[in-house]
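Trainee: need a structure here:
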Amino acid sequence: MTAENPNSKPDDAEKLGPLRGQVWLTLQTNQARRLIRGRNGTKGRSPIIGLGLFADRLRLIWQAARNDDPYADWWLIKVHEAITEREALFQRLQRDLDERLAQMGSIEVAVAVSERPYRMPLQFANPYAYQAARIVSTYDALVCAALTASHIGALDRTSRAHVIELGARKIRGLFMIPQGYRFLRIERSDIRKGNEKSIQAAQLMGAVPGDVLRGERRAPLAPTQRSLSSGFSRNLGLHSAPSAMAITPSTKENDDV
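Mentor: Next up, the predicted model:
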């Protein structure tokens, strides 16, 4: 038996295959599920952006940030800050509800969950879409706690409605952020030159902060930028595609608590 040389390259047949995994999101409430689905606009009713459309638009921004678009970098910062702000808010609200439930003395309270939870696979192209799904999951747990606290009299109806609506409004606001981005195939060199493309971008999206333009400030989870020759992104066609999020259909919606 001969020892294997650690420096030798493996044959193609010996190479390991690519890693594959699965990510699932499980929701207990209709309030959270509606945020996933969103709503189409109709006469007299404005559309509501759901997680799928948010992820679609964010995929475009992610790719543009990789291709040296400073506006895309700026928008990823906005998304990151919005997720962080909402996470902190939901944690404060959850702590308040936990304290209310703990004040029931010797009565032990188990937060209500659905008998038929909604479970769906997630497959996104960037980490911020998964972070947004996590925020929806956090909101889902918050709704469960608020409904439970209200049911046992630890939270009045007005306060319950405030918690549920505030959380939903914050998530809808997060999902709207990518809609303000405009893909113009712009690079940092365009802005430094002050050409027509940079003027158009400033008119549509405002002026990029100086530290973002210089590349000194990027979102913590921003993609690694590619080394691009000048003008490369101008010839790169990026188009919105159907959502990368796969949704398993459900025949019935779960009942709220």
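Trainee: from here on, just use CA atoms for contacts and neighbour counts.
Mentor: OK.
Trainee: can you list phi and psi of residue 62 for me?
Mentor: Main-chain dihedrals, residue 62, degrees, to the nearest 10: phi -60, psi -50.
Trainee: could you measure from it over to residue 68?
Mentor: According to C-alpha to C-alpha, to the nearest Å, residue 62 stands 10 Å off from residue 68.
Trainee: again with residue 225
Mentor: Residue 225 is 6 Å from residue 68, by C-alpha to C-alpha.
Trainee: which one's more surrounded, these two?
Mentor: residue 68 (23 against 13; other C-alpha atoms under 10 Å).
Trainee: who's in contact with the more buried one?
Mentor: 186-188, 225-226 (C-alpha atoms under 8 Å, 6 or more residues apart in numbering).
Trainee: now the helices for the stretch 1-150 of the chain?
Mentor: Counting by DSSP state H, counting those that start in this stretch, residue ranges of the helices within the stretch 1-150 of the chain are 30-37, 51-66, 70-102, 127-151.
Trainee: where does the stretch 1-150 of the chain have low pLDDT?
Mentor: For the stretch 1-150 of the chain, applying pLDDT under 70 flags the ranges 1-13.
Trainee: can you do 90?
Mentor: Within the stretch 1-150 of the chain, the ranges that satisfy pLDDT under 90 run 1-22, 37-48, 104-107, 125.
Trainee: OK, contacts around the closest residue in space to residue 78 that isn't next to it in sequence?
Mentor: Closest residue to residue 78 apart from its sequence neighbours, by C-alpha to C-alpha, 6 or more residues apart in numbering: residue 177 at 7.5 Å. Residues in contact with residue 177, defined by C-alpha under 8 Å, 6+ apart, are 75, 78-79.
Trainee: separation between residue 177 and residue 111?
Mentor: 32 Å.
Trainee: check residue 35 too.
Mentor: 21 Å.
Trainee: show me where the stretch 151-257 of the chain has strands.
Mentor: Counting by DSSP state E, counting those that start in this stretch, no segments of the stretch 151-257 of the chain form strands.
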